[in-house]
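Undergrad: Okay, sequence plus prediction incoming.
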Amino acid sequence: MTYGLTFFMALVVAAIATPVSMKLANKWGAIAYPGGRHVHTKPIPRLGGVAIYAAFWISALIMQVWDEQMTGLFLGSTLILGVGIWDDIRGMRPFVKLFWQIAAASVLLAFSFSMNVISLPFMDKVVDFNKLGLGVVGLILMIFWVVGLMNTVNVSDGLDGLAAGICFLVALLLFWSANRIGQLPAAHLTLALAGALLGFLFFNFPPARVFMGDSGSMFLGYIIGGVSIMGLLKTATILGLVFPLLVLGMPVTDLTFAIIRRKLRGQSMATADRGHLHHRLLDAGLSQRAAVLSMYGISACFGVAAVLGAKGQWIWALAMLLVVFALLIIILMRRTAMLAVFNRRHSK
């Protein structure tokens, strides 16, 4: 029943706070205008991250025992929310944003967050960097982990309801994993996140009336990264390191291809383009809603593979991952192949 209250409270607060965030966005000028690589056709407020933040932390404050790590997660996520709000209203250069992402992740260092003890996938072995005299490695890994997840979620925020829906699935699966290994604080936090996202999705599912903005996508990545360190990565379970990455397999693959694609073109990694997975699906003729639902399905397959792996059914998990990765590569390469054929025809 306590789990249900955590989820329901976050959902209700998000449903109430989202219209408020829309009014704030209109008042402060945090509006996403159509054009360029954007696919929406009318101005839409993009400060929904404020509502997700409020719903998550109100639920966590009431339902959770407050400790040192909760304080660190609250302070760091509040900092990154403020950075995101500034970016949504005024705009921010990519490397300035990266600086603040690193700063927000570094806040956790003062509150006993680290990856000094991690478990290795596929091997029943635990690595303790402190015992190896490499404690600084665990701290660097922690910062890299949180910053990486912030940018991974940010990459997935390209269509109505996409990032919120994917992170909703991530939160539910991380709740399953945390509850399974008895990490009750992490279980409550992931349920609070799931409830906040579902309440926000009432307004964000296509056709969206509000976007979460960078304030929302960076906050989500920060919380997922921080909570996974609190409850999952520090346990000596065989899937401790790879579970969050498996669940976020689709945006991680999309981000990896984006980095490779831009490097091959001689562009900065921060350069925006229309080569992401959701753009490829739209170019293939899918509607926004169909593309979003397709990507929900792909994310769900990654989640099922993670669950199968956690249960020790590695053969089925690997088989599903191979199929899903093959599908992603086909989609990501499809437009490139078509353009190559088109260019050859017109060069003759």
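TA: Right, received. Where do you want to start?

Undergrad: can you map out the strands along the protein?
TA: Here the chain has its strands, by DSSP state E, at 31-32, 44-45, 117-119, 126-128.

Undergrad: Low-confidence bits of the protein, can you list those?
TA: 1, 35-41, 65, 118-126, 231-244, 268-275, 334-348 (pLDDT under 70).

Undergrad: center of this protein, which residue is that?
TA: For the chain, the residue nearest the mean C-alpha position is Val153 (3.1 Å; CA atoms, centre = their mean).

Undergrad: can you give me the helices for the stretch 201-348 of the chain?
TA: All helices of the stretch 201-348 of the chain, identified by DSSP state H, counting those that start in this stretch, fall at 213-228, 243-247, 249-264, 277-283, 288-310, 314-347.

Undergrad: and those helices, which is most packed in?
TA: helix 213-228 (a mean of 29; mean count of other CB atoms under 10 Å). C-beta coordinates here come from the backbone N, C-alpha and C atoms, glycine included.

Undergrad: angle of it against helix 249-264?
TA: 120 degrees (axes from the mean of the first three to the mean of the last three CA atoms, to 10 degrees).

Undergrad: I'd like to know how far the residue nearest to Asp254 when sequence neighbours are not counted sits from Val127.
TA: Of all residues not flanking Asp254 in the chain, Leu277 sits nearest, at 4.6 Å (CB to CB, 6 or more residues apart in numbering). Using CB to CB, to the nearest Å, Leu277 is found at 33 Å from Val127.

Undergrad: Quick check: the residue nearest to Asp254 touching Leu328?
TA: Yes - using CB atoms under 8 Å, Leu277 makes contact with Leu328 at a distance of 7.0 Å.

Undergrad: Now do the shared contacts for the two.
TA: Contact criterion CB atoms under 8 Å, 6 or more residues apart in numbering; residues bridging Leu277 and Leu328 by contacting each: 250, 253-254.

Undergrad: ok, of those residues, which one's closest to Met63?
TA: Closest to Met63 out of those is Met250 (30.1 Å), distances taken as CB to CB.

Undergrad: residues in contact with that closest one?
TA: Met250 sits next to 156, 166, 277, 295, 298-299, 302, 328 when contact means CB under 8 Å, 6+ apart.

Undergrad: Send me stretch 292-302 as CSV with only the CA atoms.
TA: Listed in CSV are the C-alpha atoms of stretch 292-302, where the atom choice follows Å, rounded to 0.1, in the frame of the first residue of the first chain:
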residue,chain,number,x,y,z
VAL,A,292,6.5,7.1,-30.4
LEU,A,293,4.6,3.9,-29.8
SER,A,294,7.1,2.0,-31.9
MET,A,295,10.0,3.4,-29.8
TYR,A,296,8.0,2.5,-26.6
GLY,A,297,7.9,-1.1,-28.0
ILE,A,298,11.6,-1.1,-28.7
SER,A,299,12.4,0.2,-25.2
ALA,A,300,10.1,-2.4,-23.7
CYS,A,301,12.0,-5.1,-25.5
PHE,A,302,15.2,-3.8,-24.0
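
Undergrad: got a list of contacts for that stretch?
TA: So stretch 292-302 is contacted by 159-162, 165-166, 169-170, 205-206, 246-250, 277-278, 281, 286, 320-321, 323-324, 327-328 (CB under 8 Å, 6+ apart).

Undergrad: Around Phe205, count how many other residues there are.
TA: The local packing of Phe205 (other CB atoms under 10 Å) involves 17 other residues.

Undergrad: if I read this right, it contacts Ala163, doesn't it?
TA: No - using CB under 8 Å as the test, Phe205 is too far from Ala163 to be in contact (11.8 Å).

Undergrad: who touches the closest residue in space to Leu201 that isn't next to it in sequence in this structure?
TA: Distances taken as CB to CB, 6+ apart put Ala164 closest to Leu201, at 5.1 Å, once the chain neighbours are dropped. By CB under 8 Å, 6+ apart, the residues touching Ala164 are 52, 197, 200-201, 204-205, 212, 216.

Undergrad: hang on, isn't Met179 packed against Ala187?
TA: Actually, residue 179 is Asn. It isn't Met. Yes - assessed by CB under 8 Å, Asn179 is found in contact with Ala187 at 4.4 Å.

Undergrad: Neighbour count: those two, which is higher?
TA: Ala187 (23 against 17).

Undergrad: Any figure for the gap between the more buried one and Val227?
TA: 10 Å.

Undergrad: swap in Gly195?
TA: Distance, Gly195 to Val227, using CB to CB: 14 Å.

Undergrad: do the same with Trp86
TA: Computed with CB to CB, the distance linking Trp86 and Val227 is 24 Å.
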